[in-house]
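> sequence and predicted model, in that order:
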Amino acid sequence: MRLQKLELLLLLTVTGVCTAQNDITLSVFTVTSKSMTVQWNDPADASYYKITATPKNFPSQPVFAQFSGNTVMGSVNSLAPNTIYTMQVEAMDNDLNVIRSAETEEITAPDVPSIEHVYSKTSESITVEFTEVWGATSYVLRAESPSGDFFYETRVMTSPGTVMHLEPYTEYVLSVMSVNAGGRSQPSYPAKARTVVTTLQMITSSPSNGSIHVTWPPVEHGVLYTLCIIQEGSSDRVKLNTSDTAVTFDDLEPGTKYFIKGNAWDSEGRAGDDATVSQITRPGSPFVFRVEVIPGRGPRISVDWMAVKGAISYHAQTSNNLSCTTGVPHCDFSPAECGQTHTVTVQAYNAAGPSSPSPPAKFITYPCPPENVWVEEPTPGNCSVVWDDVPLKDRYMVFIKRDDGHENQCNTTKPTCHFFCMCGYTYLTSVYPYNQAGASLLTQVYNYTTVPCCPKDVTIKLASTDTLEIEWSPVRGADLFETTAAETNNTIHCNDTAPMCALSDLRCNTQYSVMVTPCSELRGCNRTCTQHTHSTAPCTPEIHNMTQVSNSTYRVHIITPNSHNTNYTITATRRATGATSRATRSNDKRMCHSNPCELTQLDCGSTYDVTAVASSPVGKSLPGFSKTLETGPCCPTSVNVTQVTQAMTNVTWSSGTGARSYIASLTSPRGSAKCHTQDTDCLMGCITCGTSYSVLLEAISSTGHKTECKYHGFSSSACCPTGVRLYRKDINSLRVYWHSLGPQKYNHTVELYGTGANYTCMAAAGSMFCDIQEGQCGDVYTVMAAPVGQNGVKVHFCKSRNYSVPCPGSQAGMIISRGRRSVS
């Protein structure tokens, strides 16, 4: 059905549509081999429509058909197959006059083919042989069930064609249609055919290495079965017919692959689908030709057999339940038990199953080692290796190896072997029984040790303050060593095999006598060895007190519990930066007894951890408990004193490390000023002008440590003059007069600022007036008189005063002040 819809869509797409005058349209709806159906669309009314089909490529009589005015589709018959026609529609009125028309072109379908033969080769297909017609580009095969409930079409290019997807042993009605660009022809005369029966579902197996058994479920509508067996690589075949559903093929070759082809026959004598399966026969039994016991660290039994045709793997089994599966004709069994007699069989495997077991092959293992072996030494130097006799042995090989590499051997049939032994040595003895399978390789090695010798090259060194580490050269025959000290009541500190020991938790500054005793498990300990002496480290000193000598020097007193040849090191470590200052003293200089130890060049404003360590030729003590030493805070690096007024100064300074507060002092014979603050500046009054002050600053830490800091002195400014008066001296001259409080050793400068002019004059030291030539009278002046320091700088905080200066004649010689004095 999908194919029909596709062809119809193709015809509707390819068909051209022509439009004539007055907008009448014409299109081809469908074609067959001898007819063509068109449809038209006329927007206006017409009484009749005439359809004319005219061959395009050869002269022939046109064929036409006429229809009433209410018709929109019509067919023209009696056309030639595979021919291009010009199709015309004419709209006519009641008088059969043509009022409008349209035309188009289309080709008719090819001629109808005929079925010559139909047959079924498989259970799901039927093949159709048909006559091919001129002009056909393809053909459509149609299969239908007689009842009409099944319909299927397929496209083929030539004859014969095959319809697929059918049901087994089912009857179908078949027809064929030719196809070209115009469409498809009418179906051919139908033919009936039935599909053949389905294939055999064969199940094969190989019961033995010379037979194959085949079974299958009964095939529906099958009345007879044909099977044919062919050996791989051979052209010989065996064929048989049966109505049963099981067959056994005998007398086949072992381990050989066979192909079995089978099909069913229906009651009409037609063969169904072919089915082919493959099956391999079971392999033949292997032949074991070698069984050998292989020596080594892990003794094993090696088995070899002849390879078998068609075998994929082999399984070997011993009578003591050892097994091995392999893909090669060889197998190793591990472990091989000693002193036994067993058999081994082998089976070959492939996809069909196992072969029959091979004939059993017998083998004998190597003898077991003796269970009890010991060494007897009735007299020193006269030793014998003795053991229990073992079965299945032919002889014994005895190996006696001394721990320095010297070796003796015995080859004997008796369970004993004599040899010469020396004290201080360990002898390794081993006994190997032999038989035809080889030597016992699992024998144990037995040790025998003579009396051990004393250690040599004993060295004692200090491992830590209360621990002595003892080392010595290894000695012959010693299994372990006991280490004791007379000062600890001969308590065993070490009982070890290593040639070293550590005596710990000892008293400091004490000499110990150490004894190293070698021991043997069999012969006991040798307690005739020499003692060795060594001292422990000095005891830990204790800091008694610490006193300050100067800002950067502190004296430390310690308690010294050690001998006279002990030195002491006092270490002060600053917490913040880890900077360290060290002082080392010895008892010869009495630096740790009556004389103290001085730590110098300590940083100000820092906290130190002070510890003491004692040292002697033996070693160093543990550091004593540390004590905290806090130095005084650092002095500020700079101090600046600035005079704000004649009686008030501002003192500023940089921050001092470790200081939390400060006391600033200005001191002179004429008076002092002081302030206490946490800031780095201070405003102080009570300053006397023209006075030299000493500058002191005391830095105080958070814990109360104080540091006195001295700086360059400060001189207050010269005193400002008092009683400043302005007089008119004559018509054009003014005089400024004042009193000086301090010593008259400073020059004075006088400045007059008027509304009309400004004037300046300078008075020498000791003078208390200054004259000024006035340019114009009757002005108001601001008068400023101030001393000039030795550095040429005028004192800037002296007060000014305003005066109104009248012209001569108003008040002779007197000038009236017009305002209060003000700060400049």
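Received, thanks. The model shown is predicted, which means the values in this text are computed figures rather than measured ones.

> residue ranges with poor pLDDT in this protein?
1-22, 380, 576-595, 775, 809-824 (pLDDT under 70).

> could you pull out the helices for it?
2-14 (DSSP state H).

> now the phi/psi pair for the residue lying closest to Ser206 once chain neighbours are set aside, please.
The shortest distance from Ser206 to any non-neighbouring residue, by C-beta to C-beta, 6 or more residues apart in numbering, is to Ala352 (3.6 Å). All C-beta atoms are positioned from the backbone trio N, CA, C, and that covers glycine. Note on Ala352: its backbone torsions stand at phi -80, psi -20 [degrees, to the nearest 10].

> going forward, count from 265.
Noted, 265 is the first residue going forward, which turns the last one into Ala616.

> residues in contact with Ala616?
Ser469, Ser470, Gln543, Ile544, Thr545, Arg546 (C-beta atoms under 8 Å, 6 or more residues apart in numbering).

> pretty sure the fourth one contacts Ala615?
Yes. Contact status for Ile544 versus Ala615: in contact at 5.7 Å, counting by C-beta atoms under 8 Å.

> okay, these two: which has more neighbours?
Ile544 (21 against 12; other C-beta atoms under 10 Å).

> list the buried ones in stretch 686-693?
For stretch 686-693, burial by neighbour count (16 or more other C-beta atoms under 10 Å) applies to Gly688, Tyr689, Thr690, Tyr691, Thr693.

> now, which of those residues sits nearest Val1052?
Gly688 (109.9 Å; C-beta to C-beta).

> grab the nearest non-local neighbour of that closest one.
In space, Gly688 is closest to Arg740, 3.6 Å off (C-beta to C-beta, 6+ apart).

> do Pro738 as well
Going by C-beta to C-beta, 6+ apart, Pro738 has Pro763 as its nearest residue, at 5.1 Å.

> and that neighbour, how close does it get to Pro782?
9 Å (C-beta to C-beta, to the nearest Å).

> pull up the overlap in contacts between the two.
Joint contacts of Pro763 and Pro782 (C-beta under 8 Å, 6+ apart) are Pro719, Val739, Phe745.

> and the last one, what is it in contact with?
Spelled out, it's Phe745. With C-beta under 8 Å, 6+ apart, Phe745 has these contacts: 719, 736, 758-763, 765, 780-783.

> what's the answer for Ala742, then?
Residues in contact with Ala742, defined by C-beta under 8 Å, 6+ apart, are Pro716, Cys717, Pro719, Thr761, Pro782, Cys783, Ser784.

> quick one, what contacts Val1047?
Val1047 sits next to Val988, Leu990, Val1000, Val1014, Glu1015, Leu1016, Ser1064, Arg1065, Asn1066, Tyr1067 when contact means C-beta under 8 Å, 6+ apart.

> hmm, the third one is touching Cys1034, no?
Yes. Look at Val1000 against Cys1034 with C-beta under 8 Å: they come within range, at 5.0 Å.

> between the two, which has more neighbouring residues?
Val1000 (26 against 21).

> who does the more buried one form a beta bridge with?
Leu990, Cys1034 (DSSP bridges).

> how about the strands in the stretch 915-1064 of the chain?
For the stretch 915-1064 of the chain, strands defined by DSSP state E, counting those that start in this stretch occupy the ranges 925-932, 935-941, 945-948, 956-964, 970-979, 986-994, 997-1003, 1011-1018, 1022-1027, 1033-1037, 1044-1052, 1063-1068.

> my bad, should have said the stretch 565-714 of the chain
Under DSSP E, counting those that start in this stretch, the stretch 565-714 of the chain gives strands at 577-582, 587-590, 594-597, 605-614, 617-618, 625-628, 637-643, 646-651, 659-666, 671-676, 680-684, 690-699, 702-703, 710-713.

> coming back round to it: out of the strands of the stretch 915-1064 of the chain, nearest to Ser402?
Of all these, strand 945-948 comes closest under C-beta to C-beta, at 113.7 Å.

> could you measure from Cys687 over to Val552?
Where Val552 is concerned, Cys687 sits at a distance of 56 Å (C-beta to C-beta).

> likewise Leu767?
In terms of C-beta to C-beta, Leu767 sits 69 Å off from Val552.

> more crowded one of these two?
Just comparing Leu767 and Val552: by other C-beta under 10 Å the higher neighbour count belongs to Leu767, 24 against 21.

> how many neighbours does Ala878 have?
28.

> isn't it right next to Thr830, touching?
Yes. Ala878 is within contact range of Thr830, at 5.2 Å (criterion: C-beta under 8 Å).

> on that earlier part again, quick check, nearest of the contacts of Val1047 to Thr941?
The nearest one, if we look at the contacts of Val1047 relative to Thr941 and count by C-beta to C-beta, is Ser1064, at 33.6 Å.

> quick check: chain neighbours aside, which residue is closest to that closest one?
Met1048 is the one closest to Ser1064 (C-beta to C-beta, 6+ apart), at 4.4 Å.

> just to check, the one you found is in contact with Cys1062?
Yes. With contacts counted by C-beta under 8 Å, Met1048 reaches Cys1062, the gap being 6.7 Å.

> neighbour count for those two, which is higher?
Remark: of Met1048 and Cys1062, Cys1062 carries more neighbours, 25 against 21, as counted by other C-beta under 10 Å.

> for that one, give its distance to Gly949.
Distance from Cys1062 to Gly949, by C-beta to C-beta: 18 Å.

> do the same with Ala923
Counting by C-beta to C-beta, the gap from Ala923 to Gly949 is 24 Å.

> and for Cys772?
The value you get for Cys772 to Gly949, if C-beta to C-beta is used, is 66 Å.

> between these two, which one's more packed in?
Neighbours were tallied for Cys772 and for Gly949 using other C-beta under 10 Å; the higher tally belongs to Cys772 (17 against 11).
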